[in-house]
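Colleague: this is the structure alone, sequence omitted:
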């Protein structure tokens, strides 16, 4: 997992490459990172309801 500082740098570089202005970048980063104050991870928050289950397909070798 990336540190917050590294994550911000990656996001900044991406926004520069797609042609956003400094003002647009600042507003976007401020909105995103101010909303995450107090959060410790970038993982999804738990969702209510029944946990998902998955079935794993396995290939069987035939002789």
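Modeller: Alright, I've got the coordinates. In this text the structure is predicted, and so the values were computed from the model without any measurement.

Colleague: mind listing what's buried in stretch 14-30?
Modeller: Of the residues in stretch 14-30, residue 15 count as buried by neighbour count, 16 or more other CB atoms under 10 Å. Any C-beta I mention is one placed from the backbone N, CA and C, and that applies to glycine too.

Colleague: check the separation of the first and last residues in it.
Modeller: Chord length of stretch 14-30, first to last residue, is 16 Å (CA to CA, to the nearest Å).

Colleague: quick check: phi and psi at residue 48.
Modeller: phi -70, psi 160 (degrees, to the nearest 10).

Colleague: same check, this time on residue 9
Modeller: phi -60, psi -40.

Colleague: count of residues packed around it?
Modeller: 12 (other CB atoms under 10 Å).

Colleague: okay, residue 11 and residue 31: tell me how far apart.
Modeller: With distances taken as CB to CB, to the nearest Å, residue 11 is found 12 Å from residue 31.

Colleague: counting neighbours, go ahead and name the busier of the two.
Modeller: More crowded of residue 11 and residue 31, by other CB under 10 Å: residue 11, with 15 against 9.

Colleague: quick one, helices of this structure?
Modeller: Assigned by DSSP state H, the helices in the chain fall at 4-17, 22-35.

Colleague: got TSV for those, with distance to residue 49 too?
Modeller: Shown next, in TSV, are these (distance: least, CB to CB, whole Å):
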stretch	distance to residue 49
helix 4-17	29
helix 22-35	24
